[in-house]
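Chemist: Please find the sequence and the predicted model below.
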Amino acid sequence: MILNLPGSDPSSPICSAKGCRADAVWVLAWNNPKLHTPDRRKTWLACEEHREHLSKFLAIRGFLKDVVLLEEWEPQEPQEPQEHQEPPTSP
């Protein structure tokens, strides 16, 4: 017998809230400016029930950047490492 429980499909993303196994509906994009470059985005997933709680947790710390429906989320493209360039010298 196969149970049709939220999050039971391994390819089905689940909520990031502690102990929650519900299917994710939202992507919460965030970054910690003390650790990440301004363009870097980390993500948490949230079900309907935990979206507001997780959003507030990140927002209070100044980390929350965006909240997007999972089906509309476009992951960040991996960036190529930039070569180090010396600043131009004055003549």
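Modeler: Here it is on my side, so go on. Keep in mind that what you see is a predicted model, and the values were worked out from it rather than measured.

Chemist: Could I get the full set of helices for the protein?
Modeler: 51-60 (DSSP state H).

Chemist: can you give me the strands in it?
Modeler: 26-30, 42-46, 64-69 (DSSP state E).

Chemist: okay, these in JSON lines with mean neighbour count next?
Modeler: Bear in mind the C-beta positions are built from the backbone N, C-alpha and C, glycine included. Output for those, formatted as JSON lines (neighbours: other C-beta atoms under 10 Å):
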{"stretch": "strand 26-30", "mean neighbour count": "22"}
{"stretch": "strand 42-46", "mean neighbour count": "21"}
{"stretch": "strand 64-69", "mean neighbour count": "14"}
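
Chemist: May I see those organised as JSON lines, with distance to residue 53 and mean pLDDT added?
Modeler: Below are the strands of the chain laid out as JSON lines (distance: least, C-beta to C-beta, whole Å; pLDDT from 0 to 100):
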{"stretch": "strand 26-30", "distance to residue 53": "11", "mean pLDDT": "96"}
{"stretch": "strand 42-46", "distance to residue 53": "8", "mean pLDDT": "95"}
{"stretch": "strand 64-69", "distance to residue 53": "12", "mean pLDDT": "96"}
